[in-house]
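> for reference, the sequence and a predicted model appear below.
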Amino acid sequence: MVSEKKRCGWCGTDPLYVKYHDEEWGVPVKDDKKMFEFLLLETFQAGLSWITILRKRENFKLAFDNFDYKKIAKYDQAKIDSLLQNEGIIRNKLKVHSAVNNAIHFMEIQKEFGSFTNYIWNFVNHKPIINTWSSHKDAPATSKESDALSKDLKKRGFKFVGSTVVYAHMQATGMVNDHIESCFRFRQV
């Protein structure tokens, strides 16, 4: 039975959170499109709970052209204005503008490094950092790697990429395995 599995405490019992924990969180992402999706969602999450973003994820997917960074980079003011009227997403003007800005810089990194994935995974020497926490409360909000990545992304023009947002992104995309040791997913990812 699913409920008998030991999980990280942060996901609680909300079915959406449990599904995300069990199927996505901490799984190494090596695909640029998926990496951009997580980056966009994490930047919108800044200051909010992740469950809020998960509940709106499908709305974000529709509003942001299936997270197609090539299209997002070309959004004009009319498209931005329509996003700011979209009640299905987080209608924060700075965050909407940052999505367009970050898509542009995302592609610049792709040109420079061959892929965004190659660039970002370099910050962890291209292999996940495996932490050994007994409680999800032991996991830090930032790390020296997230500090360095945040600083570099900001230098490259990215917005809403503070170290805490970047560390959450690293956890979500499997660059860091922060599943607690007793969680059934710890050894799976």
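The structure has been received and is ready for your questions.

> for residue 3, give me the pLDDT.
Per-residue confidence (pLDDT) for residue 3: 53.

> what comes up buried for the lengthiest helix in the chain?
For the chain, the helix with the greatest residue count under DSSP state H is helix 93-113. Using 16 or more other CB atoms under 10 Å as the test for burial, helix 93-113 gives 95-103, 105-107, 109-110. Using the backbone N, CA and C atoms, a C-beta is placed for each residue, glycine as well.

> could you point out which element follows the helix or strand encompassing residue 55?
Element membership for residue 55 (DSSP states H and E) is helix 50-63. Sequence order places helix 69-72 as the next helix or strand after helix 50-63, per DSSP H and E.

> what mean pLDDT does the longest helix of the chain have?
Averaged across helix 93-113, pLDDT comes to 98.

> which elements pack onto that helix?
Applying 3 or more CB pairs under 8 Å, 6 or more residues apart in numbering; DSSP states H and E, one finds that helix 93-113 makes contact with helix 32-45, helix 69-72, helix 77-84, helix 116-121.

> what angle do the third one and helix 93-113 make?
Helix 77-84 runs at 120 degrees relative to helix 93-113, counting by axes from the mean of the first three to the mean of the last three CA atoms, to 10 degrees.

> go through helix 77-84 and flag the buried ones.
Residues 79, 83 are the ones in helix 77-84 that count as buried (16+ other CB under 10 Å).
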